[in-house]
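**Student:** just the structure for this:
(2 chains)
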Amino acid sequence: MGTILMGGLELGLILAVMAIGMFLSFKILNIPDLTVDSSFTLGCAVSAIGAANGHPVLGFLLSVLAGMAAGCVTGFLQTKLKIQPILAGILTMTGLYSVNLWVMGDKPNIPLFGKATIFTPLQGKLPVLFEKLPVIALVLIAVAVLIRLFLKTQIGMSLRATGDNEDMVRASSINSDGMKILGLALSNGIVALSGALMAQYQSFSDISAGIGMMVIGLASIIVGDAFVGKGSVGRGMLAAILGAVIYRFILTFALQLRMPLSGLKLLSALLVVLAISIAAARDALAKRRMRNA
Amino acid sequence: MLKLQDIRLTFHRGTVNERRALDCVNLHLSPGDFATVIGSNGAGKSTMLNVIAGSYEADSGKILLDGEDITLRKEYKRANKIGRLFQDPLKGTAPNMTIEENLGLAYLRGKKRGMGSGLKKTDEAFFKKMLACLGLGLEDRLKTQVKLLSGGQRQALTLLMATIVTPKLLLLDEHTAALDPKTALQIMRITDGIVRENQITTLMITHNIKDALSYGNKTVVMGQGRVVLILEGEERAGMTVERLMQLYSANTQDAFSDKMILYSRHT
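**Tutor:** Numbers count the residues shown, from 1 in each chain, chains lettered A, B, ... in the order given. Have a look, this model is predicted:
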């Protein structure tokens, strides 16, 4: 049981990294970014290739750059070529599928069994149950703290304003196009980082690893909102992290109840529907109570 | 300070909806000029402001600001020197950010935005002092999200944001039209105070002919995409609302819109 719960927590924290990335695009920039599905895979692929060739840390770090490049492409399509945000994401996602295959040497998966990963240094030094948690927690905390600090800087504040009111931003001499590209690059860089963690954690990279990741990230953000409530930036990020862990525990629980593995994506989608409707139902209920009071 | 030379702009060129929005507009403002702009709907007032601000690109002509040719400069780059208020009070501020954060962003106008802290402790006292000048009690609400403010408060805040770094040019596009009469008067007074104190070159569109004659030192009358009349000095001082309306009808084939007549009678 302990192994299963720990596994759920670890996966939840890895997904939390992705949720922070998606928090930047969905919540801060207010852009639905579908690049996520493929930039997650890109992160997996780059990190796996690094680890397979004996450079787990280098692969891990390069994955961030690769993800950022993918985000820049989507941002460029949106701002300079004036393509609708959703379509821009789909186009990048589609194109990246080929790129991801190339990165993985035209193979649909790369196994890393027996290869050194970023988790290797701690192996044997801690009880087996806690071997992987420190690295994951460290990455998550580092990303969360850095992004929180970044959003307080002049550029970070300009980024927030761009998602809040673009007219105001341009009238205040801020390059809103540049901000969108920067935001999408950061967002996808973090998503790729999460993919990189996932590949080395599972000792495995698969071309379809990222399918449905956007919905999972969305589920995390919305589930978290339902629990933590909306508010400041810090609270929103906390909600995304918590939401990812809760989401993963729900899945772990469902799998323990013998839900077939094939039902995973359907459950993810239903969770998003449920989480969104909870917010709507709560508002309606509050209204009714007010009228009856 | 501001010079518009033969500005032309046609919308939907080559379609049945083709409309000549600006038809050879020429305008010259000296430093410190506070010009009001009037004209009926579709006269090209807002289009002219949008062309100056860079939201639209002119088909031909030249725009000079402070001696620089800004005709082809991007909107956000022009905003280094141009402060701007829209009619919609929601357009000028970021609703989910605090008053302080909005001012912090505006205070960086024209400066390079980097990795420094977005809000400096040292600026807080200055922001409070500036907010106190508005007389709306906003100085005690620095941490309040802007979406919780009323339309008038938001417009006053936008005005402060547009002028906290004194711009070379201030563009006001009917910035009091969406407010109730009492608030509109209050915002107009604040505007007048800020513009005069900092001697900001200003272009203000209004639907209120009385305001157009009582505020500022010049009145630009527009019709059918052209500047048809510029009033200043003694001629302007002796002008009445009725005479201006006659003059307008004589100079264009347009009558003033009902909205304008309504405004001038009731306020």
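**Student:** lowest confidence element among the helices and strands of chain B?
**Tutor:** When each helix and strand of chain B is scored by mean pLDDT, DSSP states H and E, helix B:258-266 comes last, with a mean of 51.
**Student:** which pLDDT value goes with the residue nearest the centre of chain B?
**Tutor:** With distances taken as CA atoms, centre = their mean, residue B:172 lies nearest the centre of chain B, 1.1 Å away. We have a pLDDT of 96 for residue B:172.
**Student:** how close does it get to residue B:205?
**Tutor:** Per CB to CB, to the nearest Å, residue B:172 is found 7 Å from residue B:205. All C-beta atoms are positioned from the backbone trio N, CA, C, and that covers glycine.
**Student:** tell me where the stretch 51-200 of chain B has strands.
**Tutor:** B:60-65, B:68-69, B:82-85, B:169-173 (DSSP state E, counting those that start in this stretch).
**Student:** any part of the shortest one near chain A?
**Tutor:** Going back to what we said before, that points to strand B:68-69. No - Strand B:68-69 stays clear of chain A (CB under 8 Å from any CB of the partner chain), getting no nearer than 15.0 Å.
**Student:** how far off centre is that strand?
**Tutor:** Centroid separation for strand B:68-69 versus its chain: 20 Å, with CA atoms, centre = their mean, to the nearest Å.
**Student:** note down every partner strand of it and its orientation.
**Tutor:** When pairing is defined by DSSP bridges, strand B:68-69 lines up against strand B:60-65 (antiparallel).
**Student:** tell me the angle the partner strand makes with strand B:169-173.
**Tutor:** Strand B:60-65 and strand B:169-173 meet at an angle of 120 degrees, taking axes from the mean of the first three to the mean of the last three CA atoms, to 10 degrees as the criterion.
**Student:** how about the residue of the stretch 151-267 of chain B found nearest chain A, what does it touch?
**Tutor:** Closest residue of the stretch 151-267 of chain B to chain A, CB to the nearest CB: residue B:161 (7.1 Å). Neighbouring residues of residue B:161 by CB atoms under 8 Å, 6 or more residues apart in numbering or on different chains: A:172, B:83, B:92, B:93, B:102, B:103, B:105, B:106.
**Student:** and if you look at residue B:214?
**Tutor:** Residue B:214 neighbours (CB under 8 Å, 6+ apart): none.
**Student:** just residue A:72 next, same as before
**Tutor:** Listed by CB under 8 Å, 6+ apart, the contact partners of residue A:72 are A:181, A:184, A:185.
**Student:** next one: residue B:61
**Tutor:** Residue B:61 touches B:4, B:5, B:6, B:7, B:8, B:24, B:25, B:71, counting by CB under 8 Å, 6+ apart.
**Student:** mind picking the two most distant members of the residues you listed?
**Tutor:** Across the contacts of residue B:61, the longest distance by CB to CB is 15.0 Å; it joins B:24 and B:71.
**Student:** higher neighbour count, those two?
**Tutor:** The neighbour count for residue B:24 versus residue B:71, taken as other CB atoms under 10 Å in any protein chain shown, is higher for residue B:71 (18 against 15).
**Student:** the more buried one reaches residue B:62, doesn't it?
**Tutor:** Yes - between residue B:71 and residue B:62 there is a contact under CB atoms under 8 Å: 5.3 Å.
**Student:** dump stretch B:187-202 to CSV, keeping only the CA atoms.
**Tutor:** Extracted in CSV, the C-alpha atoms of stretch B:187-202 (Å, rounded to 0.1, in the frame of the first residue of the first chain):
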residue,chain,number,x,y,z
ILE,B,187,-13.1,63.3,-13.7
MET,B,188,-13.2,66.4,-16.1
ARG,B,189,-12.0,68.6,-13.2
ILE,B,190,-9.2,66.2,-12.3
THR,B,191,-8.2,65.9,-15.9
ASP,B,192,-8.1,69.7,-16.3
GLY,B,193,-6.0,70.0,-13.2
ILE,B,194,-3.4,67.4,-14.2
VAL,B,195,-3.1,68.7,-17.8
ARG,B,196,-2.7,72.3,-16.7
GLU,B,197,-0.3,71.6,-13.9
ASN,B,198,2.0,69.5,-16.1
GLN,B,199,1.3,71.5,-19.2
ILE,B,200,0.7,68.3,-21.2
THR,B,201,-0.1,68.7,-24.8
THR,B,202,-3.6,67.1,-25.0
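**Student:** please name the spatially closest residue to residue B:43 (chain neighbours excluded).
**Tutor:** residue B:222 (4.3 Å; CB to CB, 6 or more residues apart in numbering or on different chains).
**Student:** what's the pLDDT at that neighbour?
**Tutor:** Per-residue pLDDT puts residue B:222 at 91.
**Student:** burial count for residue A:78?
**Tutor:** Look at residue A:78: counted by other CB under 10 Å, it has 23 neighbours.
**Student:** okay, and it sits in which element?
**Tutor:** Element membership for residue A:78, per DSSP states H and E: helix A:56-79.
**Student:** touching, residue B:90 and residue B:155? I think so.
**Tutor:** No - assessed by CB under 8 Å, residue B:90 is found out of contact with residue B:155, at 9.6 Å.
**Student:** more neighbours: which of the two?
**Tutor:** Taking neighbours as other CB under 10 Å, residue B:90 and residue B:155 compare with residue B:155 leading, 30 against 17.
**Student:** what does the stretch 51-200 of chain B put close to chain A?
**Tutor:** Contact residues, the stretch 51-200 of chain B versus chain A (CB under 8 Å from any CB): B:53, B:74-77, B:79-80, B:83-84, B:86, B:90-97, B:101-102, B:104-106, B:108-110, B:113-119, B:161-162.
**Student:** buried among those? Make that a PyMOL selection.
**Tutor:** To isolate the buried subset of these in PyMOL, counting by 16 or more other CB atoms under 10 Å in any protein chain shown, use the following:
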select buried, chain B and resi 53+75+76+79+80+83+84+86+90+91+92+93+94+96+97+101+102+104+105+106+108+109+113+118+119+161+162
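**Student:** ok, which stretches of the stretch 51-200 of chain B are helices?
**Tutor:** B:75-78, B:99-107, B:121-134, B:151-163, B:181-198 (DSSP state H, counting those that start in this stretch).
**Student:** and residue B:163, how close does it get to residue B:112?
**Tutor:** Residue B:163 sits 21 Å away from residue B:112, going by CB to CB.
**Student:** neighbour-wise, which of the two wins?
**Tutor:** Higher neighbour count among residue B:163 and residue B:112: residue B:163, with 22 against 8, using other CB under 10 Å.
**Student:** show me the shaky parts of the stretch 51-200 of chain B.
**Tutor:** By pLDDT under 70, the stretch 51-200 of chain B contains no weakly predicted segment.
**Student:** which residues are in contact with stretch B:108-115?
**Tutor:** A:150, A:153-155, A:158, A:172-174, B:79-81, B:83, B:164-165, B:167.
**Student:** which parts of the stretch 151-293 of chain A sit against chain B?
**Tutor:** By the rule CB under 8 Å from any CB, the part of the stretch 151-293 of chain A lying against chain B is A:152-158, A:160-161, A:164-165, A:167-176.
**Student:** on that earlier part again, is it true that the residue nearest to the centre of chain B touches residue B:201?
**Tutor:** No - counting by CB under 8 Å, residue B:201 is not a contact partner of residue B:172; they are 11.8 Å apart.
**Student:** name the SS class of the nearest residue to residue A:97 once chain neighbours are set aside, please.
**Tutor:** Of all residues beyond its chain neighbours, the one nearest residue A:97 is residue A:38 (6.2 Å), with distances taken as CB to CB, 6+ apart. For residue A:38, the assignment made with DSSP: H, G, I helix; E, B strand; the rest coil gives helix.
**Student:** quick one: residues contacting residue A:38.
**Tutor:** By CB under 8 Å, 6+ apart, the contact set of residue A:38 is A:70, A:92, A:93, A:94, A:96, A:97, A:100, A:210.
**Student:** and which of the residues you listed is nearest to chain B?
**Tutor:** The shortest approach to chain B among these belongs to residue A:70, at 23.5 Å (CB to the nearest CB).
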